[in-house]
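> got a predicted structure plus its sequence, pasted below:
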Amino acid sequence: MKPVVISDLSVAFGALRVLHDVSFDVAAGECFGLVGESGSGKSTVLRCASMLWSKWTGEVRIGDRSVREMSAADRCRTLQMVFQDPFGSLHPRHSIRTVLSEPLKIQNIPDRDDRMAQALCDVGLPVDFLDRYPHQLSGGQRQRVAIARALIVEPDVLFLDEPTSALDVSVQAEIINLLMRLRGEKGLTYVMVSHDLAVIDHMCDRFAVMQAGRVVEVLNREAIAGNGATQAYARDLIDASLEYERAL
């Protein structure tokens, strides 16, 4: 269980600056959300903080270590990401056994069969799924495999990039409840991107509202129900979400 601290994170693509001095901290064991309209920079924060993109300035620390100072192997043992599209993030020609064994091989982790079986058990899938392929699984099952792959090296921090948005509504609640259970059981710290404030309300302790690459406001979860935001954009965003929920 480790905290995450992001300080003055900025990134530009040529003349276009897409993140402007983004700063927030996440306590050890906390689930912290990032919300905002499409293009506000939410996913870019995760990709920079995980070093999937490296051309950024500022600082990202997990525990007492900078992610830039970690070796790639050490960083992957500390931090993992679950992506939005489980079909796109799993190789279509690799069996689930291959998907789960690759991280263990890279990290030189022994007892691979036991670890793979336990990883599937942790996400509620039977062991015989090891010999299936992604196209043989439902969307929810594929996302469970993606979560198992992230957890199999026992990281301290998970970055969740819209982990339920590509799933049917009936499956979304299952994945949300799974993530909440795993966070409690394994003492994980989450940073979660979502467009859905109902998901943020259910999962996150606090959240940051982003607009045009900037953090507009950081709020507690309780601010959603009563719209306790003080900044105009954050108030409008929450109002729009509440109005949508009432219309359903």
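Done, it's in.
> where does Cys48 fall, secondary structure wise?
Counting by DSSP states H and E, the element that carries Cys48 is helix 42-49.
> quick check: which helices or strands does that helix pack against?
Based on contacts counted as 3 or more Cβ pairs under 8 Å, 6 or more residues apart in numbering; DSSP states H and E, the elements that helix 42-49 packs against are strand 4-13, strand 16-26, strand 31-35, strand 157-161, strand 189-193. In short, each C-beta sits where N, CA and C put it, glycine included.
> I'd guessed Leu120 sits against Asp131; true?
No. Under the criterion of Cβ atoms under 8 Å, Leu120 lies out of contact with Asp131, with a separation of 11.5 Å.
> give me the residues contacting the helix holding Cys48.
Contacts of helix 42-49 with the rest of the structure, by Cβ atoms under 8 Å, 6 or more residues apart in numbering, involve 4, 6, 9, 11, 18-19, 22, 34-36, 52-53, 56, 60, 67, 81, 159, 161-162, 191, 193, 210, 213.
> which residue, other than its chain neighbours, is closest to Val67?
In space, and not counting its chain neighbours, Val67 is closest to Val60: 4.7 Å by Cβ to Cβ, 6 or more residues apart in numbering.
> so who does the one you found touch?
Each residue near Val60 by Cβ under 8 Å, 6+ apart is listed here: 4-7, 9, 48-49, 66-68.
> which of these sits closest to Asp113?
The nearest member of the contacts of Val60 to Asp113, counting by Cβ to Cβ, is Val67 at 31.3 Å.
> could you measure from the closest one over to Ala146?
Distance from Val67 to Ala146, counting by Cβ to Cβ, to the nearest Å: 21 Å.
> between these two, which one's more packed in?
For Val67 versus Ala146, neighbours defined as other Cβ atoms under 10 Å are more numerous around Ala146 (26 against 21).
> residue ranges with poor pLDDT in the chain?
Of all residues in the chain, those with pLDDT under 70 make up the ranges 244-248.
> ranges for the helices of it?
Ranges of helices within the chain are 42-49, 72-78, 86-89, 96-106, 112-122, 139-151, 169-186, 197-203, 232-247, based on DSSP state H.
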